[in-house]
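Student: would you be able to build a 3D model of this:
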Amino acid sequence: MIFLFRGKIPRYSGLFLLTLVLMGCSGGITDPPNALKPLIGVWDAQVFQAPDPTNLLQTVDVIQEGGAYAFSVLGDGTYSAVFDLVVFQGFEAGTISVLGQSLTLTPLGSSGGAMTGTWMLEGGVLKIDALREIDLNGDDAPELVPFYLEFVTRQGS
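Tutor: As a prediction, the model looks like this:
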């Protein structure tokens, strides 16, 4: 697989932080729902397994290939993510809902469908198994794409 972009995450860091500030200032201070509390913070992906674009039957760990993914959850039920997935980079913000071990990430705007799945916090590692509809081959028909992620919390968050 040819990887086009490496080490671009710092370029988006300012936008990521600005969004955190704006989202944090969007309303009054309220106590977050209990189900959301364990997820609040800034998380850095250590594992990001997704289908290999050149062979959808195989997975690739984007982090091992030089990618990066930072995920932030705020107590008001919003999230933001900044990513360098090697072949493309971007930023996403939206709402997060948690019910038991199930979670749904719903992006704002037209950045794609909701990601739904399960989460587990084990030994300080946040593990997420999820599915999301994404048009991988450009035919305007989204495919259901599985993802597996492991995050560690960023120190100081």
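Student: please give the element, helix or strand, for Y69.
Tutor: strand 68-73 (DSSP states H and E).
Student: could I get the average pLDDT for that strand?
Tutor: What strand 68-73 shows for mean pLDDT is 95.
Student: next secondary structure element downstream of it?
Tutor: Once the chain leaves strand 68-73, the next helix or strand it forms, by DSSP H and E, is strand 78-84.
Student: partner strands of that next one, with direction?
Tutor: Here strand 78-84 has these sheet partners by DSSP bridges: strand 68-73 (antiparallel), strand 89-99 (antiparallel).
Student: what average pLDDT does it get?
Tutor: 95.
Student: any stretches of this protein with poor pLDDT?
Tutor: Low-confidence regions of the chain, defined by pLDDT under 70, span residues 1-32, 110-111, 156-157.
Student: just the helices in it please.
Tutor: 9-24 (DSSP state H).
Student: now do the strands in the chain.
Tutor: In the chain, the strands defined using DSSP state E lie at 41-52, 55-61, 68-73, 78-84, 89-99, 102-107, 115-122, 125-134, 143-153.
Student: nearest to A35, out of these?
Tutor: Closest of these to A35 is strand 89-99, at 4.2 Å (criterion: Cβ to Cβ). In this view, the C-beta of every residue, glycine as well, is placed from N, C-alpha and C.
Student: residue contacts, S102?
Tutor: With contact set as Cβ atoms under 8 Å, 6 or more residues apart in numbering, S102 has these partners: 116-119.
Student: in ChimeraX, select just the buried ones from those.
Tutor: Those of the contacts of S102 that count as buried under 16 or more other Cβ atoms under 10 Å are selected in ChimeraX with:
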select :117,119
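Student: nearest to E143, of the contacts of S102?
Tutor: Using Cβ to Cβ as the measure, the one of the contacts of S102 that approaches E143 most closely is T116, at 14.9 Å.
Student: give the bridge partners for the nearest residue to the closest one once chain neighbours are set aside, please.
Tutor: Counting by Cβ to Cβ, 6 or more residues apart in numbering, T116 lies nearest to T104, which is 4.9 Å off, once chain neighbours are set aside. Counting by DSSP bridges, T104 is bridged to S97, T116.
Student: hmm, T118 and T104 touching each other?
Tutor: No. With contact defined as Cβ atoms under 8 Å, T104 does not count as touching T118 (10.7 Å).
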